[in-house]
Structure formats: C-alpha cells, structure tokens
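A.B. asks: Let's see this in three dimensions:
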Amino acid sequence: MRTTILIAMTLTLAACGRERVNYVEFDGEFYQGRVSSDRADRHDFTASVRPVSQGLDGARLALAYEGTKHCVGIYGTSRIDWQVLPEEASQIDGETLSAAGTCVE
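C.D. replies: Residues are numbered from 1 along each chain as shown. Reported below is the predicted structural model:
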C-alpha cells in the first residue's frame, strides 16, 4: 500500500514538473525560447522567444538567455557577437521576438 502511494505521489510530482519544461522565467513571466542554426556551422544562430505580450523586457532577457545557452552548450563560451543586442531587439513577428548572433570562441 505504501509503495503504491509513493509511486502515485512521484508520478504526480513528475507530471507537475513537465508543465514548463521548454520555458524560462524572467520578470515573473514564462517565455518559450528556441535557437535555430545551420548544422554544418552552429556559430551563427537566430534566437527567438514568445510570447512578447507578457512583457518586452522579460522577452529580451529570455532572448539573451537562449543565445547564451546555445553558445555555452556547443562551444563552451558565453561570448556572443549580436547583430542587434537583445536589450535593443525589436524584431517582433506576432508574438515572437528574434535576434541573430554569432558565438565567439
């Protein structure tokens, strides 16, 4: 009986934790981010986050986070040469804010 209850509690907590797996929180709001790059050379990338309607400042922070996460994960560096700095990014398409950058080794 105890084992069954423990398993049920574990599954319940695991399910709760999966709600925002692809999201990051900034300024009290959750943003979904992604990075796209060419598989042959991942130095150049485009980061995007959504939804911008939750707050432009938070979206800009999330954008910088996504780019940094990409470069650190692949090249081990957080140095990025942004075409437009995330804090100045204004390329909004619907609910998505985007900016392009290059990882600097």
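A.B. asks: which residue packs closest to the spatially most central residue of the chain, ignoring adjacent ones?
C.D. replies: The chain has Gly33 as the residue nearest its centroid, 3.4 Å off, counting by Cα atoms, centre = their mean. Using Cβ to Cβ, 6 or more residues apart in numbering and skipping residues adjacent in sequence, the residue nearest Gly33 is Glu66, 3.9 Å away. Every residue, glycine included, has its C-beta placed from N, CA and C.
A.B. asks: for Tyr65, same thing?
C.D. replies: Val24 is the one closest to Tyr65 (Cβ to Cβ, 6+ apart), at 5.8 Å.
A.B. asks: check contacts around that neighbour.
C.D. replies: Phe30, Tyr31, Gly33, Ala62, Tyr65, Glu66 (Cβ atoms under 8 Å, 6 or more residues apart in numbering).
A.B. asks: three-state assignment of it?
C.D. replies: Following DSSP: H, G, I helix; E, B strand; the rest coil, Val24 is assigned to strand.
A.B. asks: Bridge partners for it, pull those for me.
C.D. replies: With DSSP bridges as the criterion, Val24 is bridged to Tyr31.
A.B. asks: returning to what we had before: how about the secondary structure of the residue nearest to Gly33?
C.D. replies: helix.
A.B. asks: thought it was touching Val35?
C.D. replies: Yes: contact status for Glu66 versus Val35: in contact at 5.5 Å, counting by Cβ atoms under 8 Å.
A.B. asks: Please enumerate the shared neighbours of those two.
C.D. replies: With Cβ under 8 Å, 6+ apart as the test, Glu66 and Val35 both reach Ala47, Ser48.
A.B. asks: neighbour count winner among the two?
C.D. replies: It is Glu66, of Glu66 and Val35, that has more neighbours when counted by other Cβ atoms under 10 Å, with 24 against 19.
A.B. asks: the strands in the chain, which residues?
C.D. replies: 23-26, 29-38, 41-50, 80-82, 91-93, 96-103 (DSSP state E).
A.B. asks: what would those look like in CSV with distance to Cys71 and mean pLDDT?
C.D. replies: Shown next, in CSV, are those (distance: least, Cβ to Cβ, whole Å; pLDDT from 0 to 100):
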stretch, distance to Cys71, mean pLDDT
strand 23-26, 16, 90
strand 29-38, 9, 95
strand 41-50, 8, 95
strand 80-82, 6, 97
strand 91-93, 19, 90
strand 96-103, 4, 96
